[in-house]
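Student: the following block contains a protein sequence and its predicted model.
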Amino acid sequence: MFNVKNLSNRLNTFRSKMKDLKIDGAIVTKIENYMYLSGFTGTSANLLITGKKAYLLTDFRYIEQSSKQAPLFEIVQHKPDIIDTINEIVKSEGIIKLGFEELNVSFAQYRQYTDKINGVEFHGMGSLIDDLRIIKDEQEIEIISKAVEIADAAFTHVLSVIRPGITELDVAAELEYKMKKLGASGASFETIVASGLRSSMPHGTASGKRLEPGDAITMDFGAMYNHYCSDMTRTVFLGQPEKEMKDIYSIVLNAQLTSEKGAKRGRTGSEVDKIARDIIYGNGYEGKFGHGLGHGVGLEIHESPRLSTGGGRRLENNMTVTIEPGIYVEGLGGVRIEDTIIIKDDSPVVLTKSPKELIIL
Ligand SMILES: [Mn+2]
């Protein structure tokens, strides 16, 4: 899936980070991270990387696939217990300080490491590899753009399907079917369709509730394409909404457009979040926008950087992030509008193309 130049850049960058940490070996266990570093997209593998060598340990089912996808790695079919094979390589490579993904390894696995791999010093790598994934290369941007395009097309399609009497689950099924027909392997997360009073629940996944005239319908969904995610949200109305819902819509739209324009290279996530938050709170909806403005999107649907009140990291070119303000009022309803964008100097590239003006069906 990835070209060799990009894979080799990633491996080189990782090795230079290993040097900084003064570790001479690293076990990579998190699926998105071994995919990113090796190119192998199967669901069972560990990487063992040293200054000079790179091993991919997997089982019989994935030998052929990993050989094709991970050209920079030596493929090893591991013993029934993978830890035994890791131990053998650690010994033969003379590794002394061994990095591992402490945020991904369970307590039980860690105990296995320390029980079975003797004579090494273990060193937690924190979110080191996740952090390498924050800035996307041109190939990743191409794939994410396609994932966004598929979701946009599904949204266009679903507008022709929505009518009173069908259920939220019907709407979700239409979105997901269309995305799959357009080349997605599936949805990038469980599709959210929250209508009427349910729309005040920011993450109301689709239910058997039927759509009724006057309902706000919030659809938050995305495509999984070549293992990368897209993420978008639109709220549309089935017939004339109540006045307050119309007002809420225009406040959220203003917050979305203004903060999206403000997502400039060099600003922190919290500075961009504040642009939207000030608009929403200033219009009397303090406390009704209880989540962050956005998040990174890539191999995972939610990844760094965070655009939220605590988001201290500065935006850099080629980060792919969402901008998704919302207002939720229990007993009335909610509105959220979300795009996926690429940070580019002073004005981001907005990948999501679906219209954001009020849609009344
Ligand atoms: Mn999102």
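Tutor: That came through, no problem.

Student: need the residues of the stretch 101-250 of the chain near the ion, please.
Tutor: Residues of the stretch 101-250 of the chain found near the ion, taking Cβ under 5 Å from the ion as the criterion, are residue 231. Where you see a C-beta, it was placed from the backbone N, CA and C, and this is true even at glycine.

Student: residue of the stretch 101-250 of the chain with the smallest distance to the ion?
Tutor: The minimum distance from the stretch 101-250 of the chain to the ion, using Cβ to the ion, falls at residue 231 (4.1 Å).

Student: the stretch 151-300 of the chain: strands as residue ranges?
Tutor: Using DSSP state E, counting those that start in this stretch, the strands found in the stretch 151-300 of the chain span residues 186-187, 192-195, 216-221, 223-225, 228-229, 232-237, 294-296.

Student: save the ones you listed as JSON lines, and put in mean pLDDT too.
Tutor: Formatted as JSON lines, these follow (pLDDT from 0 to 100):
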{"stretch": "strand 186-187", "mean pLDDT": "98"}
{"stretch": "strand 192-195", "mean pLDDT": "98"}
{"stretch": "strand 216-221", "mean pLDDT": "98"}
{"stretch": "strand 223-225", "mean pLDDT": "98"}
{"stretch": "strand 228-229", "mean pLDDT": "98"}
{"stretch": "strand 232-237", "mean pLDDT": "98"}
{"stretch": "strand 294-296", "mean pLDDT": "98"}
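
Student: rebuild those strands as JSON lines, extending it with mean neighbour count.
Tutor: Output for the strands of the stretch 151-300 of the chain, formatted as JSON lines (neighbours: other Cβ atoms under 10 Å):
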{"stretch": "strand 186-187", "mean neighbour count": "16"}
{"stretch": "strand 192-195", "mean neighbour count": "26"}
{"stretch": "strand 216-221", "mean neighbour count": "26"}
{"stretch": "strand 223-225", "mean neighbour count": "25"}
{"stretch": "strand 228-229", "mean neighbour count": "26"}
{"stretch": "strand 232-237", "mean neighbour count": "24"}
{"stretch": "strand 294-296", "mean neighbour count": "25"}
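
Student: can you put the ones you listed in TSV and add distance to residue 21?
Tutor: TSV is the format used below for those (distance: least, Cβ to Cβ, whole Å):
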stretch	distance to residue 21
strand 186-187	36
strand 192-195	39
strand 216-221	38
strand 223-225	32
strand 228-229	28
strand 232-237	37
strand 294-296	23
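
Student: which among these is found nearest to residue 335?
Tutor: strand 232-237 (4.4 Å; Cβ to Cβ).

Student: report the contact partners of residue 28.
Tutor: Contact partners of residue 28, counting by Cβ atoms under 8 Å, 6 or more residues apart in numbering, are 34, 37, 46-49, 101, 129.

Student: returning to that earlier point: not counting residues beside it along the chain, what's closest to the residue of the stretch 101-250 of the chain closest to the ion?
Tutor: Once flanking residues are discounted, residue 231 sits nearest to residue 222: 4.3 Å by Cβ to Cβ, 6 or more residues apart in numbering.

Student: ok, that neighbour to residue 244 distance?
Tutor: From residue 222 across to residue 244, the span is 29 Å (Cβ to Cβ, to the nearest Å).

Student: residue 34 now?
Tutor: In terms of Cβ to Cβ, residue 34 sits 49 Å off from residue 244.

Student: what about the two, which has more around it?
Tutor: residue 34 (28 against 11; other Cβ atoms under 10 Å).

Student: pretty sure that one is touching residue 40, no?
Tutor: Yes - Residue 34 is within contact range of residue 40, at 6.5 Å (criterion: Cβ atoms under 8 Å).

Student: so what sits against both of the two?
Tutor: residue 56.

Student: low-confidence regions, the stretch 1-150 of the chain specifically.
Tutor: Along the stretch 1-150 of the chain, segments meeting pLDDT under 70 are nowhere present.

Student: can you map out the helices along it?
Tutor: 4-21, 31-38, 63-69, 82-92, 107-116, 128-132, 138-159 (DSSP state H, counting those that start in this stretch).

Student: circling back to that earlier point, which of the contacts of residue 28 sits closest to the ion?
Tutor: Once Cβ to the ion is applied, the member of these that ends up nearest the ion is residue 129, at 22.0 Å.
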